[in-house]
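Asker: one predicted model, sequence on top.
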Amino acid sequence: MFEAAEIAHRISKARYRREEPALRQALLEAQYRLLEKPEFPLLILIGGLDGAGKGETVNLLNEWMDPRHIRTEAFGLSGSAWEGGRPEMWRFWQVLPPRGKIGVFFGSWYTDPLVRRAEGMMKRTAFERRLETIRHFERMLVAEGALVLKLWFHLSKSAQKKKLRELGEDPLTAWRVTPEEWKRHDRYERYVKVIAEALRETGTGEAPWQVIEGSDERYRALTAGRAVLDALTRRLDGPAPVISPSAPPPVPAIDGRDLLNSLDYSRRIPVKNYDRELERAQGRLNLLTRHKRMRERSLVLAFEGMDAAGKGSTIRRVTRALDARYYRVVPVGAPTDEERAQPYLWRFWRHMPADGKAVIFDRSWYGRVLVERVEGYCAEADWMRAYHEINEFEQELVAGGAIVAKFWLSVTLAEQLKRFRAREQTPYKQHKITAEDWRNREKWPAYEQAVCDMVERTSTSYAPWFLVPANDKRYARIAVLKHIADEIEKHIA
């Protein structure tokens, strides 16, 4: 894989001086074209062997282009205090560039698995799973419109040794060479083998790798600059890449029976028993969230349901059982301009809690396959691929230690009408009923079908759906409290 990057590529000083000014000008012009028409972000991943010129390339890109519109981030191994035990990919979601901007990642989601695998700290199965996660992540970025450019800077073993010696012997650059870099040099063959496998498995049509020989700084600089320019101008002047469509949603059952109309809506809790059962369920939940093992876990609750299904009142019964310092409630509405400039899941990743904390979503990431699907707010291709992206998202949360509980509060059409009428007649509830709520009732069958498809596609062993017949609010509240407690108990047992 690296043979072509070990043949001592060279560029003369004269050629470099001749070509560099035009390249800089072209890069700057392309950057401003992107700013003026912010249809996509450019994400440049800079990886490579020690001494191959990664840092110099990052500095050069910031020098050649306008650094005010470039976000440069450096990444090492995972596990920092800032991450707070969150999933591995969380830290990258926090710094993704918005549309129209450029992100330069010095190190990336590849750094941690490459180093850990080469150092014998990660088993093959875990390494392969991480590479699979990366492929899905990059495919999602590209499908959301991002231009992902991956540059790998390579050196032969002899060239790396020479470079490290030169740096180490110069008093002005000796600080750049550490004992750890010499240790990695001693394991050169092991590192290159792991790197070759990773580049081979993650070099896809949507996000291919470009390997650049790093022994000659002039060759390296011009090659990297042209790679950025070519990728950016090709995208600016041409169409976005086409992502193959996902599988279509399941076909509705021919007998008309589905998950929602098979629920038992007659379930009730007598008024006389409600307060006692509520207090018991809240007390149990409170004790479980304060269990010492929950210090190494996070809790993610997602509430969905038809209008007037009782999501808000159920969430309030949950929060009354929790320490106010422990949780945060995130109401989800229409995306802001900032959120529209990012991949869809960005606005949910940013709220993911650290270990020992909880987040409660009043509506959630399922909006894409519910309201956005039914109302036509996104293209069919977007909501069709969202099922897989959501499953990957939740799997990453669970792998990172989160307990994920998802609730669909379901009411009948008649019960919803009853609650709408009650809201209209109650002054302090009138703000809850809008013309849009009435309009949504007209699309009830479409929403029901979207819900059934959602459950069928995204109810997994690690994050199953809990469907709650909610015609009786008291029953729904107790059922939700008990289910959250059961899930916590199952995970900390």
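Answerer: Happy to help now that I have it. Residues are numbered from 1 along each chain as shown.

Asker: remind me which residues of the stretch 151-300 of the chain are low pLDDT?
Answerer: For the stretch 151-300 of the chain, applying pLDDT under 70 flags the ranges 244-250, 252-256.

Asker: 80 instead, please
Answerer: Residue ranges of the stretch 151-300 of the chain with pLDDT under 80: 240-257.

Asker: in the stretch 101-250 of the chain, which spans are helices?
Answerer: Here the stretch 101-250 of the chain has its helices, by DSSP state H, counting those that start in this stretch, at 111-118, 124-143, 157-169, 179-186, 188-202, 217-237.

Asker: so which of those is nearest R441?
Answerer: In terms of CB to CB, the element of the helices of the stretch 101-250 of the chain nearest to R441 is helix 124-143, at 32.8 Å. (Glycine included, C-beta is placed from N, CA and C.)

Asker: buried set for the closest one?
Answerer: For helix 124-143, burial by neighbour count (16 or more other CB atoms under 10 Å) applies to 127, 130-131, 133-143.

Asker: adding distance to V374, write these out as JSON lines.
Answerer: Below are the buried residues of helix 124-143 laid out as JSON lines (distance: CB to CB, whole Å):
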{"residue": "F127", "distance to V374": "41"}
{"residue": "R130", "distance to V374": "36"}
{"residue": "L131", "distance to V374": "36"}
{"residue": "T133", "distance to V374": "30"}
{"residue": "I134", "distance to V374": "32"}
{"residue": "R135", "distance to V374": "30"}
{"residue": "H136", "distance to V374": "26"}
{"residue": "F137", "distance to V374": "28"}
{"residue": "E138", "distance to V374": "29"}
{"residue": "R139", "distance to V374": "25"}
{"residue": "M140", "distance to V374": "22"}
{"residue": "L141", "distance to V374": "26"}
{"residue": "V142", "distance to V374": "26"}
{"residue": "A143", "distance to V374": "21"}
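
Asker: for those, which one is nearest R187?
Answerer: Nearest to R187 among the buried residues of helix 124-143 is F127, at 15.9 Å by CB to CB.

Asker: pretty sure the closest one is touching D112, no?
Answerer: No: in this structure F127 lies outside contact range of D112 using CB atoms under 8 Å: 10.5 Å.

Asker: and the furthest pair within the buried residues of helix 124-143?
Answerer: F127 and A143 (24.7 Å).

Asker: can you put the buried residues of helix 124-143 in TSV and add distance to I70 and pLDDT?
Answerer: Conversion of the buried residues of helix 124-143 to TSV gives the following (distance: CB to CB, whole Å; pLDDT from 0 to 100):
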residue	distance to I70	pLDDT
F127	31	98
R130	27	96
L131	28	98
T133	26	96
I134	23	97
R135	26	97
H136	26	96
F137	21	97
E138	20	98
R139	24	96
M140	23	97
L141	18	98
V142	20	97
A143	24	96
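
Asker: pLDDT (mean, whole number) over the helix or strand harbouring A414?
Answerer: In the assignment (DSSP states H and E), A414 maps to helix 413-425. The pLDDT scores in helix 413-425 average 94.

Asker: list of residues touching the helix or strand just after that helix?
Answerer: Proceeding C-terminally, helix 413-425 gives way to helix 435-441 as the next helix or strand, assigned by DSSP H and E. Applying CB atoms under 8 Å, 6 or more residues apart in numbering, the contact partners of helix 435-441 are D307, A308, L413, Q416, L417, F420, Y447.

Asker: after helix 435-441, which helix or strand is next?
Answerer: helix 444-458.

Asker: can you list the domains in the chain?
Answerer: Domain assignment for the chain by automatic domain parsing gives 3-237, 271-492.

Asker: let me know which of those is the nearest to D264.
Answerer: When the domains of the chain are compared by CB to CB, domain 271-492 sits nearest D264, at 5.6 Å.

Asker: quick check: end-to-end length of that closest one?
Answerer: Terminal residues of domain 271-492 are spaced 33 Å apart (CA to CA, to the nearest Å).

Asker: A strand includes N59, no?
Answerer: No: N59 is assigned helix when assessed by DSSP: H, G, I helix; E, B strand; the rest coil, not a strand.

Asker: and for it, the neighbour number?
Answerer: N59 has 15 neighbours, counted by other CB atoms under 10 Å.

Asker: most neighbours per residue, which of the helices of the stretch 101-250 of the chain?
Answerer: Counting by mean count of other CB atoms under 10 Å, helix 111-118 has the highest mean neighbour count of those, with a mean of 21.

Asker: list the contacts of that helix.
Answerer: With CB under 8 Å, 6+ apart as the test, helix 111-118 has contacts from 47, 75-78, 88, 121-122, 124, 127, 130-131, 134, 184, 187, 190-191, 194-195, 198.

Asker: go with 10 Å
Answerer: 45, 47, 74-79, 88, 91, 105, 107-108, 121-124, 126-131, 133-134, 184, 187-195, 197-199 (CB atoms under 10 Å, 6 or more residues apart in numbering).

Asker: and D216, its phi and psi?
Answerer: Backbone dihedrals for D216, given as degrees, to the nearest 10, come out at phi -110, psi 120.

Asker: hmm, it is touching I7, no?
Answerer: No: using CB atoms under 10 Å, D216 makes no contact with I7, being 11.1 Å away.

Asker: so between those two, which is more surrounded?
Answerer: Using other CB under 10 Å, the more surrounded residue of D216 and I7 is D216, with 18 against 10.

Asker: setting aside sequence neighbours, what's the nearest residue to the more buried one?
Answerer: In space, and not counting its chain neighbours, D216 is closest to R10: 4.9 Å by CB to CB, 6 or more residues apart in numbering.

Asker: quick check: the one you found is in a strand.
Answerer: No: read with three-state DSSP, R10 is coil and lies in no strand.

Asker: burial count for it?
Answerer: Counted with other CB under 10 Å, the neighbours of R10 add up to 11.

Asker: strands of this structure, start to end?
Answerer: For the chain, strands defined by DSSP state E occupy the ranges 42-48, 70-74, 102-106, 147-154, 209-213, 298-305, 327-331, 358-362, 402-410, 465-469.

Asker: I'd like those written out as a markdown table, with distance to L287 and mean neighbour count added.
Answerer: What follows is the strands of the chain, written out as a markdown table (distance: least, CB to CB, whole Å; neighbours: other CB atoms under 10 Å):
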| stretch | distance to L287 | mean neighbour count |
| --- | --- | --- |
| strand 42-48 | 45 | 23 |
| strand 70-74 | 41 | 16 |
| strand 102-106 | 43 | 23 |
| strand 147-154 | 46 | 23 |
| strand 209-213 | 51 | 20 |
| strand 298-305 | 14 | 23 |
| strand 327-331 | 15 | 15 |
| strand 358-362 | 15 | 21 |
| strand 402-410 | 15 | 23 |
| strand 465-469 | 21 | 20 |
